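>>> model this:
(chains A and B)
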Amino acid sequence: MSRGQLRGAIACAGIGLAGFGAAPGYSHLDLLGLAVHAALADAGLALRDVDGLFTANMANILPTLTTGEYLGIRPEVAVGTNTGGNSFVDHLQWGAHALHERLCDVALICYGSNQRSGKSAPPDAPPYEIPYQPRDPISSYALAAARHMHVYGTTRRQLATVAVAARQWAQRNPLAFARGPLTIEDVLASRMICDPISLLDCCLVTDGAGAVVLVRAERASHLRQAPVYLLGCASAQTHRQISQMPDLTVTAAAQSGPRAFAQAGLTPADMDVVQLYDAFTINVLLFLEDLGFCPKGAAGAFVEGGAIAPGGELPVNTNGGGLSCVHPGMYGIFAIIEAVEQLRGTAGERQVPSAQTALVHGNGGMLSAQSTAIFGTAAVL
Amino acid sequence: MTLGEALPEAPGVAFQRYLKDGELWLQHCNGCAQQIFYPRTLCPYCGDNRLQWRRASGAGTVYSTTVVRQRPERGGDYNVAIIELAEGARLLSRVEGIAADAVRIGMKVQAVIRAASDAQLVVFEPAKGVDL
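Just a heads-up that it's a prediction; the model follows:
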């Protein structure tokens, strides 16, 4: 924060405390909930007013998702930076910036702990789901796929089409991990893991690393590569654990997508190339629908017609995606890099001719958190 | 709630106490009347903290279902399902008393309480009269 930039611009409107001493039986989130309720009451605000969430703790790997789900809020700004005990002071600055930039209107910084009376549990094991032994993340995505099939008549063959299209793109990418022949029948015949998701509906497990450098546009124009401009970016979240997802057939991409498009002043029809985080085949169908590339329930038929494969009307996951190119646990960075390659025109055999716009969509948790970014070349500025 | 007052029984503790008595009780919000799962200290629908425990009917419908495939020597296949209770809340659970892959979305089920290793567990069985 440069000196004086926010001086006097931000104020604290409410405070709340809870669970001092010992609070036996209360989870860290129960105590956080009590403190949040008190602080909002103190401020004369309601939980529904909160659109910025800033939180961290030692129990949750995904603290803003777990806390957002518990509180029943879907913040547009969620910062979970964990730097230890100073985190919430640090969050003050990000909260201030977010407010100043009008990214949010009510920033909630919160923390709860039951370190005295609680028993230590493995980090981030959802206590009301773990006893049923879901094989996560696969089981959660399987439940979403089963529901999509039930409601919209989506078929396993349509899901398999996603895996085959990814492989066809991977065959044009010398860096892709899986480039051998793959048919729909191969996918359908692969070992069932969690019905209806079989082995080849799942992403690869590989090593890999990626990095992206961002600078201000004015500086980028003086550097070696043709600049690829960020035109819009937005995130949204709905839950942490799959049983709390409001509708298993609709992800928060339905919020992040329109917000990113609005920032970019573009529409799905304007996208030349699309990168969708494909941890499982069902992801691609959900995101095609939620981002507006086809109506809800229609993505199965859309992909079955060859739309996302090489030569199709909408090039999707042109590097081969997490299904056939690379997936070292977290894939989002690779989706960004492939979009940049396509917009630089350096994608070789898999290059989408004269691509000027690209959408990158990242997914987190159990279809929990969605981020959409739109990039473009100088031609679309 | 004022600091210094004794806290009421913790939500997760109350939930387990009812289960130990063989009953399924869930919180309802006095502010917006929603049934809430999992147990909390404030309503995720409206933010009110006046939550009231009520005995649930235990009647539910399968919202989605999967079979976790596992080799027989490791215990074999088992069901994982999301159940929507008649009063509205959803929870992850499993349907027992029927083959894991015979569970169908839309199937009517009834809660059963099982003793697990260190807690009571809510599972479901097909409701009486369900055509298997």
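
>>> pLDDT score for the residue nearest to A:Gly345 when sequence neighbours are not counted?
Using C-beta to C-beta, 6 or more residues apart in numbering or on different chains and skipping residues adjacent in sequence, the residue nearest A:Gly345 is A:Gln351, 6.4 Å away. No exception for glycine: its C-beta is placed from N, CA and C like everyone else's. You'll see A:Gln351 listed with a pLDDT of 98.

>>> what about A:Gln351, how many residues nearby?
17 (other C-beta atoms under 10 Å in any protein chain shown).

>>> quick check: A:Ala298 vs B:Lys128, distance?
39 Å (C-beta to C-beta, to the nearest Å).

>>> who has more neighbours, these two?
A:Ala298 (15 against 7).

>>> and the residue in chain A that chain B sits nearest to, what is it in contact with?
Taking C-beta to the nearest C-beta, chain B has its nearest neighbour within chain A at A:Gly72, 2.5 Å off. By C-beta atoms under 8 Å, 6 or more residues apart in numbering or on different chains, the residues touching A:Gly72 are A:Leu47, B:Cys43, B:Pro44, B:Tyr45, B:Gly47.

>>> need phi/psi at the nearest residue to A:Gly112 once chain neighbours are set aside.
Leaving aside its sequence neighbours, A:Gly112 sits nearest to A:Leu32 (C-beta to C-beta, 6+ apart; 2.9 Å). Main-chain torsions, A:Leu32, degrees, to the nearest 10: phi -60, psi -40.

>>> need the residues of the stretch 51-200 of chain A near chain B, please.
By C-beta under 8 Å from any C-beta of the partner chain, the residues of the stretch 51-200 of chain A that approach chain B are A:69-73, A:127-129, A:131-135, A:139, A:142-144, A:146-147, A:150, A:191-197.

>>> so where is chain B shaky, pLDDT-wise?
Chain B contains residues with pLDDT under 70 at B:1-4, B:132.

>>> I meant to write chain A there.
For chain A, the stretches with pLDDT under 70 are A:1-5, A:120-122.

>>> all strands of the chain, in order?
I'll assume chain A. Taking DSSP state E, the strands of chain A run over residues A:52-55, A:77-79, A:107-110, A:192-194, A:197-198, A:229-237, A:273-276, A:357-364, A:369-376.

>>> think we crossed wires, I meant chain B
Secondary structure of chain B (DSSP E): strands located at B:25-29, B:35-36, B:51-55, B:59-68, B:78-85, B:90-93, B:108-115, B:120-126.

>>> got a list of contacts for the last one?
Spelled out, it's strand B:120-126. Strand B:120-126 is contacted by residues A:131-132, B:16, B:19-20, B:24, B:60, B:81, B:83, B:91, B:93-98, B:107-115, B:132 when judged by C-beta under 8 Å, 6+ apart.

>>> list buried residues within the residues you listed.
Neighbour-count burial (16 or more other C-beta atoms under 10 Å in any protein chain shown) is assigned, among the contacts of strand B:120-126, to A:131-132, B:16, B:19, B:24, B:60, B:81, B:83, B:91, B:93-96, B:98, B:107-113.

>>> can I see the domain layout of chain B?
B:11-55, B:59-126 (automatic domain parsing).

>>> thinking again about what came up before, let me have the contacts of A:Gly72 in a markdown table, extended by distance to A:Ser368 and neighbour count.
A markdown table is the format used below for the contacts of A:Gly72 (distance: C-beta to C-beta, whole Å; neighbours: other C-beta atoms under 10 Å in any protein chain shown):
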| residue | distance to A:Ser368 | neighbour count |
| --- | --- | --- |
| A:Leu47 | 19 | 21 |
| B:Cys43 | 20 | 25 |
| B:Pro44 | 15 | 21 |
| B:Tyr45 | 18 | 17 |
| B:Gly47 | 21 | 24 |
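
>>> from those, pick the one nearest B:Arg74.
The closest of these to B:Arg74 turns out to be B:Pro44 (C-beta to C-beta; 36.2 Å).

>>> surely the closest one and A:Leu71 touch.
Yes: using C-beta atoms under 8 Å, B:Pro44 makes contact with A:Leu71 at a distance of 6.4 Å.

>>> which residues in the stretch 151-300 of chain A form helices?
Counting by DSSP state H, counting those that start in this stretch, the stretch 151-300 of chain A has helices at residues A:156-170, A:184-189, A:217-220, A:253-264, A:281-290, A:299-304.

>>> can you pull the contacts of the nearest residue to A:Leu65 once chain neighbours are set aside?
Counting by C-beta to C-beta, 6+ apart, A:Arg240 is the residue found nearest to A:Leu65 once chain neighbours are left out, at 4.2 Å. By C-beta under 8 Å, 6+ apart, the contact list for A:Arg240 reads A:Leu62, A:Leu65, A:Thr66, A:Gly68, A:Glu69, A:Pro126, A:Gly365, A:Met366, A:Ser368.

>>> if we use 6 Å, what do you get?
A:Leu65, A:Thr66, A:Glu69, A:Ser368 (C-beta atoms under 6 Å, 6 or more residues apart in numbering or on different chains).

>>> look at A:Ser371 and say how many residues are nearby.
21.

>>> looks like it contacts A:Ala236 (just checking).
No: if you go by C-beta atoms under 6 Å, A:Ser371 and A:Ala236 don't touch, sitting 8.0 Å apart.

>>> save the domains of chain B as a markdown table, and put in distance to A:Gly95 too.
Output for the domains of chain B, formatted as a markdown table (distance: least, C-beta to C-beta, whole Å):
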| stretch | distance to A:Gly95 |
| --- | --- |
| domain B:11-55 | 19 |
| domain B:59-126 | 32 |
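
>>> and A:Pro310, how many neighbours?
15.

>>> surely it meets A:Arg167?
No: look at A:Pro310 against A:Arg167 with C-beta under 6 Å: they stay out of range, at 10.3 Å.

>>> follow-up on the earlier one: so how far is A:Thr357 from the residue nearest to A:Gly112?
41 Å.

>>> residue in chain B nearest to chain A?
B:Pro44 (2.5 Å).

>>> identify the residues contacting A:Trp169.
Counting by C-beta under 6 Å, 6+ apart, A:Trp169 touches A:Pro310, A:Thr318, A:Gly320, A:Arg350.

>>> again, but for A:Cys104
Residues in contact with A:Cys104 (C-beta under 6 Å, 6+ apart) are A:Asp51, A:Gly52, A:Glu76, A:Val77, A:Ala98.

>>> which residues does the residue lying closest to it once chain neighbours are set aside contact?
Nearest non-adjacent residue to A:Cys104, counting by C-beta to C-beta, 6+ apart: A:Gly52, 3.3 Å away. Neighbouring residues of A:Gly52 by C-beta under 6 Å, 6+ apart: A:Pro75, A:Val77, A:Ala98, A:Cys104, A:Ala107.

>>> distance of the first one relative to A:Cys104?
Yep, that's A:Pro75 we're talking about. 7 Å.

>>> near chain A, which residues of chain B?
By C-beta under 6 Å from any C-beta of the partner chain, the residues of chain B that approach chain A are B:3, B:7, B:10-11, B:13, B:38, B:40-42, B:44-45, B:47, B:49, B:64-69, B:80, B:82, B:90-94, B:105, B:116, B:121.

>>> that older thread, so which of the helices of the stretch 151-300 of chain A is the most surrounded?
helix A:281-290 (a mean of 28; mean count of other C-beta atoms under 10 Å in any protein chain shown).

>>> ok, that helix near chain B or not?
No: against chain B, helix A:281-290 shows no contacts by C-beta under 6 Å from any C-beta, the least distance being 11.7 Å.

>>> in contact with A:Thr67, which residues?
Contacts of A:Thr67 (C-beta under 6 Å, 6+ apart): A:Thr55.

>>> no further questions, thank you.
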